[in-house]
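Novice: This is a predicted model, with the sequence first.
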Amino acid sequence: MTANLWRVSGLVAAALILLVCLISSIMFGATNFRFATAWQTLMHYDENVREQVIIHTTRMPRAFIAAAIGASLAIAGALMQALTRNPLAAPSVLGVNAGATFFIVFAATVLSVSSLSVLMWISFLGAAVAAAAVYVLGSMGRDGLTPIKIILAGSAMTALFSSLTQAMLVVNKQVLSSVLFWLTGSIAGRSPDMLLAVLPYMIVCWLAACVIARDVNLLLMGEDTAKSLGQRTVVIKTVAAIIIVVLAGSSVSVAGPIGFIGIVIPHISRFFVGMDYRWVIPYCALLGAILLILADLVARFIMIPEEMPVGVMTAMIGAPFFIYMARKGIAKT
């Protein structure tokens, strides 16, 4: 069997696993539902049946929100690692999530903004400001942009935005209770409208990431090599940066800062398909969706009847992986 046939088989297997995860997310939780009930809700929804109402208004949106955000964060992390040539790069590590979070909290607490569409654009702005700041700080000095400098700059911006966010919440304690659960990263209680507001932008970015995948492969060979082959590296970097900002910003606007998906999934994808981003991107989309759905599913059963925020679950999964990659990188130096 050829390599590409193996990769296609892997995509089909991942798609089937994702389908099983979506069904499981709809069926299982504090209250379990039979598959027949879920199927009946999908095909013949009856708003007079309590079980169908719960599935239609809560379980289904939650499952699809988890899938969309998991895919978005994984793709953003893969592109970020390619642009910075740093295996530890991800929206949560380089301050993009923290920047989007700070801008949303600032808008909600200081400006009293409550409109979802407005908060979405504010989230994009925060992600863009954080990404630009990290890039500028990481590019300073004679050596230019290096993997170590970009991580240090990202850590500094994450600490700055996180501190400012906490300071605002301390000053305005009335808002603290309403945003605390959101700040830990959660998809519980999110309405379908929240996903629908950002889904068109996510889909465009998913497709755009697939379109530039071949150019990203050239970029990985080195900027000079890419230029010699006729690639406009500035254009590709700009497009990739816009995709990262939109995917990270839209994810934060819906679910808050969910970390480590963007670190873990790109490495798993490259383990299966190598460095070819024409395959890495679709694998990241499927595996990222699977991981976040499973993390949310496990979070429902740890503290029944209460739920643990899914951001805590992804941190428990991703933190050991982050430490392993950091130690591996240090050992090579």
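Specialist: Here it is on my side, so go on. Numbers count the residues shown, from 1 in each chain.

Novice: Quick check: what element follows the helix or strand of the chain with the lowest mean pLDDT along the chain?
Specialist: Least confident helix or strand of the chain, by mean pLDDT, DSSP states H and E, is helix 173-183 with a mean of 65. Heading C-terminal from helix 173-183, the first helix or strand you meet, by DSSP states H and E, is helix 192-211.

Novice: Return the set of buried residues in that following helix.
Specialist: Applying a neighbour-count criterion of 16 or more other CB atoms under 10 Å, one finds 192, 194-195, 197-199, 201-202, 205-206, 208-209 buried in helix 192-211. Every residue, glycine included, has its C-beta placed from N, CA and C.

Novice: Dump those to JSON lines, plus pLDDT and distance to Asn97.
Specialist: Compiled in JSON lines, those are given as follows (pLDDT from 0 to 100; distance: CB to CB, whole Å):
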{"residue": "Pro192", "pLDDT": "85", "distance to Asn97": "23"}
{"residue": "Met194", "pLDDT": "83", "distance to Asn97": "17"}
{"residue": "Leu195", "pLDDT": "88", "distance to Asn97": "18"}
{"residue": "Ala197", "pLDDT": "86", "distance to Asn97": "18"}
{"residue": "Val198", "pLDDT": "90", "distance to Asn97": "15"}
{"residue": "Leu199", "pLDDT": "93", "distance to Asn97": "19"}
{"residue": "Tyr201", "pLDDT": "93", "distance to Asn97": "17"}
{"residue": "Met202", "pLDDT": "95", "distance to Asn97": "16"}
{"residue": "Cys205", "pLDDT": "96", "distance to Asn97": "16"}
{"residue": "Trp206", "pLDDT": "97", "distance to Asn97": "19"}
{"residue": "Ala208", "pLDDT": "97", "distance to Asn97": "20"}
{"residue": "Ala209", "pLDDT": "97", "distance to Asn97": "18"}
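
Novice: how about TSV for the residues you listed, with distance to Gly138 added?
Specialist: Putting the buried residues of helix 192-211 into TSV (distance: CB to CB, whole Å) gives the following:
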residue	distance to Gly138
Pro192	38
Met194	32
Leu195	33
Ala197	32
Val198	28
Leu199	31
Tyr201	26
Met202	27
Cys205	23
Trp206	27
Ala208	24
Ala209	22
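
Novice: ok, so of those residues, who is nearest Met80?
Specialist: Distance from Met80 was checked for each of these by CB to CB. The minimum falls on Ala209, at 11.4 Å.

Novice: Can you give me every residue that contacts that closest one?
Specialist: For Ala209, the contacting residues are 75, 79, 240, 243, 281, taking CB atoms under 8 Å, 6 or more residues apart in numbering as the criterion.

Novice: Please repeat the previous calculation with a cut-off of 6 Å.
Specialist: Ala209 makes contact with 75, 243, 281 under the criterion CB atoms under 6 Å, 6 or more residues apart in numbering.

Novice: The last one contacts Val211, correct?
Specialist: Spelled out, it's Ile281. No - contact criterion CB atoms under 6 Å: Ile281 and Val211 do not qualify, at 9.6 Å.

Novice: Which one of the buried residues of helix 192-211 is nearest to Leu16?
Specialist: When those are compared for distance to Leu16 (CB to CB), Trp206 wins out at 19.5 Å.

Novice: distance of that closest one from Gly318?
Specialist: Taking CB to CB, to the nearest Å as the criterion, Trp206 is separated from Gly318 by 22 Å.

Novice: Could you do Ala74 as well?
Specialist: Per CB to CB, Ala74 is found 12 Å from Gly318.

Novice: These two - which one has more neighbours?
Specialist: Ala74 (32 against 24; other CB atoms under 10 Å).

Novice: Check the gap between that one and Met303 for me.
Specialist: Applying CB to CB to Ala74 and Met303 gives a distance of 27 Å.

Novice: before we move on, what about Ser269?
Specialist: 31 Å.

Novice: ok, these two, which is more surrounded?
Specialist: When neighbours are counted by other CB under 10 Å, Ser269 comes out ahead of the other of Ser269 and Met303, with 27 against 9.

Novice: ok, the more buried one - contacts?
Specialist: By CB under 6 Å, 6+ apart, the contact list for Ser269 reads 280, 283-284, 287.

Novice: I'd like to know which of those are part of helices.
Specialist: 280, 283-284, 287 (DSSP state H).

Novice: Out of these, which is nearest to Asp296?
Specialist: Compare each of the ones in helices among the contacts of Ser269 with Asp296 using CB to CB and the shortest gap goes to Leu287, at 15.0 Å.

Novice: Figure out the helix or strand that the residue most central in space within the chain lives in.
Specialist: Centroid-nearest residue in the chain: Leu73, 2.0 Å away (criterion: CA atoms, centre = their mean). Secondary-structure element containing Leu73, defined by DSSP H and E: helix 60-84.
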